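Asks: Structure for the following, please:
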Amino acid sequence: MRIDEIIETSPDPTFSFEFFPPKTDEAEALLHDALETLRELSPSFVSVTYGAGGSSRDRTIKVVRNLRFDHGLEAMAHLTCVGATKGEIRTVLQQMRDAGVDNVLALRGDPPGGEEKFAPTPGGFASSPELTALIAEEFPFAIGGAAYPEPHPDARHDDDDVQTAKAKVQAGAKFLITQIFYDNADYFSFVQRLRDEGIDVPVIPGLMPITSIGQSRGFLKKIGARIPDDYRRELDLREDDPEALKSLGISYATLQAAELLAAGAPGIHFITMNRSPATRAILSTLRLHRPWERTAGAPATAGGEPAHA
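Replies: Reported below is the predicted structural model:
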């Protein structure tokens, strides 16, 4: 089923999970365990990240197909412009279509390892709006796009991320999923600016609880996610107590998600890192308390229809 239709017809906010293709037998076992646990939560859909190179692409398609046909989960494949010509990307899209994939997240992609700036592959795409336009013109997929409440590292000016998101939607994207963020004010401001531009597609917040100090100092720094000063201070105070830090990260993400949903966000997209405990705890708490029902009539500035009616 198409994700845009899932969002439109769901009586409640959508909850979705993001995985990456395993590279080793140990990683594959970890993903299998996470899938078995998270499947019980009946996610609206799941997505699988994508790396440049033939083996990575093949793994993405294999995992997406397995998610749909072996685990009964609606799946979305990520697709980037990195390291491929337009003809090669058409071939990948044909493989996805033939594998029964209905949904694609069209991305520019990060620069290959060792390179600081993205450079188009000769004969390839220079941007995600270009990739989105090709998919929309030639394939039947429901297309999603990435959105950046905080400035993208390559943003050229203050309004660049809004204009790029607008271009994606104009090219055919039916929904947007944000990069990880930890200050909801950034999300609310970004969505309002999109609405001011006449862009009314759902904007799903992408969240990832901080569960280790290394994660907060390494991965999040790499992607440019800003951690608010007060939150950073509390994380640092728990640096020598991993369990306390993990509990704080789960609590913060739960409160963050509850505020987003209460203000009308159309769902939450959990970046799982192929693990289940934190995501399971957060989503179970949200479904118990149902914050989207406690503020009936909240403005729809957060990315979807109010109260998801």
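
Asks: contacts, neighbours, all on C-alpha from now
Replies: Fine.

Asks: quick one: contacts for G100?
Replies: Contacts for G100 (CA atoms under 8 Å, 6 or more residues apart in numbering) come out as R65.

Asks: From P291, how far off is it?
Replies: Separation of G100 from P291 (CA to CA, to the nearest Å): 35 Å.

Asks: Residue most distant from the centroid, the protein?
Replies: Largest separation from the mean C-alpha position in the chain: D240, at 30.3 Å (CA atoms, centre = their mean).

Asks: before we move on, what SS does that residue have?
Replies: Secondary structure, DSSP: H, G, I helix; E, B strand; the rest coil: D240 is coil.

Asks: same check, this time on I268
Replies: strand.

Asks: number of nearby residues for it?
Replies: Residues near I268, counting by other CA atoms under 10 Å, number 23.

Asks: How about L41?
Replies: 16.

Asks: how about it, what does it touch?
Replies: 280, 284.

Asks: Please tell me how far it sits from S251.
Replies: L41 is 19 Å from S251, by CA to CA.

Asks: Next: G206.
Replies: 16 Å.

Asks: Compare those two (neighbour count), which wins?
Replies: Each of G206 and S251 has its neighbours counted (other CA under 10 Å); G206 has more, 24 against 18.

Asks: helix or strand for that one, which one?
Replies: Counting by DSSP states H and E, the element that carries G206 is strand 203-207.

Asks: Put the alpha carbons of that strand into CSV.
Replies: Written as CSV, here are the backbone C-alpha positions of strand 203-207 (Å, rounded to 0.1, in the frame of the first residue of the first chain):
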residue,chain,number,x,y,z
VAL,A,203,5.8,16.3,7.4
ILE,A,204,6.7,13.3,9.7
PRO,A,205,9.2,14.0,12.4
GLY,A,206,12.2,11.7,12.5
LEU,A,207,13.3,10.9,16.0
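
Asks: now for it, which elements pack on it?
Replies: strand 175-180, strand 267-271 (3 or more CA pairs under 8 Å, 6 or more residues apart in numbering; DSSP states H and E).

Asks: Would you tell me which one of the ones you listed is buried the most?
Replies: Greatest average neighbour count among the helices and strands packed on strand 203-207 goes to strand 267-271 (a mean of 24), per mean count of other CA atoms under 10 Å.
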